[in-house]
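Asker: structure here, sequence nowhere to be found:
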């Protein structure tokens with residue numbers, strides 16, 4: 001398809017996305033100003049009073065305090081450690097549940113935790129993620145795969161001709177002794193791993209029609225890339241890079257005429273800086289992830305495109321290089337708004353409290369500044385000239401004519417209702433933030449009896465909800481990491497990371513994305529509740545005694561070790577097979593000998609029975625054969641007679657007649 005047509009359609013998407021998020025950008029600016037306690041109407045000092053600048057107001061108003069209390073910043077700083085600690089304190093904060101294969105889930109869990117804790121700067125990542133989520137209400141995470149390969153040249157000397165034929169080399173030089181000196185180029189992988197980054201909200205341009213991350217049809221990101229980085233993009237031509245020379249000036253996004261980096265100037269940030277060499281100069285680039293009919297066949301495909309922001313020409317368009325072909329962005333919100341990509345921050349709820357407390361603080365400061373504190377009031381006639389000079393010079397001995405003639409000025413008495421209202425505002429802010437002033441919101445001391453039974457206070461529930469929101473974003477990130485590992489992870493990395501036993505489940509990187517991966521991270525209160533529940537299970541297991549399999553008890557203790565961040569110890573316990581003591585080994589040997597004797601005796605009896613049975617069987621078989629032979633003889637005799645009768649009937653008849661004649665000729669007995 002024509003690139004000009006593609007650029008027109010994609011640039012229109014970005015234009016509409018910028019217009020759609022203009023209002024939320026303004027709100028984010030206001031929330032950030034409230035976080036810093038900014039007061040743009042006045043240039044004030046640390047106590048809230050104006051510096052020496054000209055104003056149109058009268059002197060009375062000009063000298064009044066304009067101080068803004070940093071209620072939002074304080075509550076966020078108290079709240080932040082409780083949200084970040086579950087992800088930073090453990091060496092294995094990610095838990096994977098794979099319903100198809102528990103062993104495969106453990107291998108995936110081991111790989112993810114190794115990448116997250118060892119090969120990834122999780123401290124800066126989590127700190128930025130939680131801070132942006134609390135201040136601005138929404139934070140976006142982009143997942144990607146980073147790879148760095150360097151070419152190393154090694155020189156080999158005294159190489160024979162036979163060895164030369166077997167080696168791959170870049171250059172060979174013949175020496176006088178008949179050997180060769182060769183140079184061998186070898187590619188060495190510096191790193192090959194997944195990664196992620198927190199994207200600034202002013203740089204993110206989501207689909208304006210999407211109500212959730214699943215409905216996104218495109219996601220555009222504003223990036224400041226160097227010329228060297230742009231030249232490495234797929235499909236970018238040298239001619240296109242030359243056209244970018246005239247647009248090397250970069251500036252941050254401005255909203256309503258105010259730069260989001262206005263506070264960054266105080267910390268050494270200068271976004272207008274550009275190096276003098278061309279390779280390091282930054283260009284404002286639009287990175288577009290979405291779905292488009294790139295082949296003009298009526299079917300949309302996932303694509304990735306780059307172009308310079310503000311130009312009329314696209315740099316490159318390619319099909320989505322991600323293995324799962326998804327848009328590689330995930331989101332966390334502080335307080336979710338239904339059917340919206342954007343959430344509300346803490347400032348949305350306690351900004352009014354900050355304004356009330358600021359007003360109370362200003363009134364207190366004005367009252368104190370206009371009081372007569374530090375002044376001395378001396379009645380006429382109290383001191384003569386000599387004692388007046390002594391007092392002015394700081395002498396300790398002063399003669400006073402009127403004992404009550406000297407009084408010290410002081411601050412005006414403030415009504416208690418002022419402090420009551422101030423405390424009410426502070427208490428409400430703490431309840432909304434889920435923290436307790438002067439101590440973390442979640443500690444072992446504030447876990448009461450109800451919590452031991454599985455219940456949490458509202459402040460702890462708020463912390464659990466925030467941790468769960470961060471976990472949802474990390475869950476999507478972990479899914480993308482595993483999916484990318486299916487394609488990009490090298491075999492040697494797998495061999496170096498997993499043991500021989502785990503290698504049996506090494507097919508985790510084949511279609512593992514089809515299974516459900518959940519990230520489970522618990523706060524300290526939740527962990528304590530689970531530990532109490534596991535203790536109850538241990539008591540029940542002890543009551544059952546020998547009827548309880550030992551492996552179940554080991555599993556319960558291993559779960560407790562994981563809750564105490566003893567992950568390696570829990571793995572050893574699950575794989576532990578106890579060795580018997582010397583006494584047990586001797587008893588096992590005796591039992592084995594006894595069993596062998598019993599088996600030998602049983603085998604002898606079986607053989608005897610078998611021999612006796614074989615003899616009886618042979619006798620019975622002989623008798624049966626004898627009877628069978630007799631029957632055969634009788635049958636043969638009968639058959640012979642039948643044959644004779646059948647063959648000689650005349651002889652039989654003659655013989656019978658002869659017998660009858662002889663019988664009739666016998667002499668009769670005399671009377």
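Answerer: Arrived safely, thanks for sending. Only a predicted model underlies this, so the values are computations on that prediction, with no experimental measurement involved.

Asker: from now on I want contacts and neighbour counts done on CA atoms only, so please keep to that.
Answerer: Fine.

Asker: what segments of the stretch 51-200 of the chain are strands?
Answerer: 138-159, 171-174, 180-199 (DSSP state E, counting those that start in this stretch).

Asker: who wins for proximity to residue 308 among these?
Answerer: strand 180-199 (18.4 Å; CA to CA).

Asker: chain center to the closest one: distance?
Answerer: Offset of strand 180-199 from its chain centre (CA atoms, centre = their mean, to the nearest Å): 26 Å.

Asker: now do that strand, average pLDDT.
Answerer: Mean per-residue pLDDT for strand 180-199: 84.

Asker: what is it packed up against?
Answerer: Judged by 3 or more CA pairs under 8 Å, 6 or more residues apart in numbering; DSSP states H and E, strand 180-199 is in contact with helix 122-136, strand 138-159, strand 171-174, helix 458-488.

Asker: now these as CSV including mean neighbour count, distance to residue 399 and mean pLDDT?
Answerer: Below are the helices and strands packed on strand 180-199 laid out as CSV (neighbours: other CA atoms under 10 Å; distance: least, CA to CA, whole Å; pLDDT from 0 to 100):
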stretch, mean neighbour count, distance to residue 399, mean pLDDT
helix 122-136, 20, 63, 93
strand 138-159, 15, 72, 85
strand 171-174, 14, 106, 73
helix 458-488, 20, 63, 84
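
Asker: I'd like these laid out as TSV, including distance to residue 189.
Answerer: TSV is the format used below for the helices and strands packed on strand 180-199 (distance: least, CA to CA, whole Å):
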stretch	distance to residue 189
helix 122-136	22
strand 138-159	4
strand 171-174	23
helix 458-488	12
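
Asker: returning to that earlier point: for residue 122, find the nearest of the strands of the stretch 51-200 of the chain.
Answerer: strand 180-199 (9.6 Å).

Asker: any idea which helix or strand comes after the closest one?
Answerer: Downstream of strand 180-199, the first helix or strand assigned by DSSP states H and E is strand 204-206.

Asker: shaky segments in the stretch 301-450 of the chain?
Answerer: 436-450 (pLDDT under 70).

Asker: check the stretch 1-150 of the chain too.
Answerer: Those would be 1, 39-63, 97-104, if you go by pLDDT under 70 across the stretch 1-150 of the chain.

Asker: picking up where we left off before, closest one to residue 201 among the helices and strands packed on strand 180-199?
Answerer: strand 138-159 (6.9 Å).

Asker: quick one: strands adjacent to that closest one?
Answerer: When pairing is defined by DSSP bridges, strand 138-159 lines up against strand 180-199 (antiparallel), strand 329-333 (antiparallel).

Asker: could I get these as TSV with mean neighbour count and distance to residue 4?
Answerer: Compiled in TSV, the strands paired with strand 138-159 are given as follows (neighbours: other CA atoms under 10 Å; distance: least, CA to CA, whole Å):
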stretch	mean neighbour count	distance to residue 4
strand 180-199	17	29
strand 329-333	23	27
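
Asker: so which of those gets nearest residue 276?
Answerer: strand 180-199 (27.2 Å).

Asker: phi first, then psi, for the closest residue to residue 274 other than its chain neighbours.
Answerer: Nearest residue to residue 274 in three dimensions, chain neighbours excluded: residue 281, at 5.8 Å (CA to CA, 6 or more residues apart in numbering). For residue 281, the backbone dihedrals (degrees, to the nearest 10) come out as phi -70, psi 140.

Asker: just the one 3 residues further on next, same as before
Answerer: Note on residue 284: backbone dihedrals following degrees, to the nearest 10 are phi -80, psi 110.

Asker: show me what contacts it?
Answerer: By CA atoms under 8 Å, 6 or more residues apart in numbering, the contact list for residue 284 reads 222-225, 250, 308-309.

Asker: nearest to residue 108, out of those: which one, please.
Answerer: Using CA to CA, the contacts of residue 284 come closest to residue 108 at residue 223, 32.2 Å.

Asker: and the closest one, helix, strand or coil?
Answerer: strand (DSSP: H, G, I helix; E, B strand; the rest coil).

Asker: got the contact list for it?
Answerer: 203, 284-287.

Asker: now do residue 538
Answerer: 553, 556.

Asker: ranges for the helices of the stretch 401-550 of the chain?
Answerer: Taking DSSP state H, counting those that start in this stretch as the test, the helices found in the stretch 401-550 of the chain are 416-433, 449-452, 458-488, 491-497, 524-544, 550-563.

Asker: where's the dip in pLDDT among the contacts of residue 284?
Answerer: Lowest pLDDT among the contacts of residue 284: residue 250, 42.

Asker: separation between the closest residue to residue 198 other than its chain neighbours and residue 472?
Answerer: Excluding its sequence neighbours, the residue lying closest to residue 198 (CA to CA, 6+ apart) is residue 141, at 4.8 Å. Counting by CA to CA, to the nearest Å, the gap from residue 141 to residue 472 is 11 Å.

Asker: now residue 283
Answerer: For residue 283 relative to residue 472 (CA to CA), the value is 33 Å.

Asker: residue 10 too?
Answerer: 30 Å.
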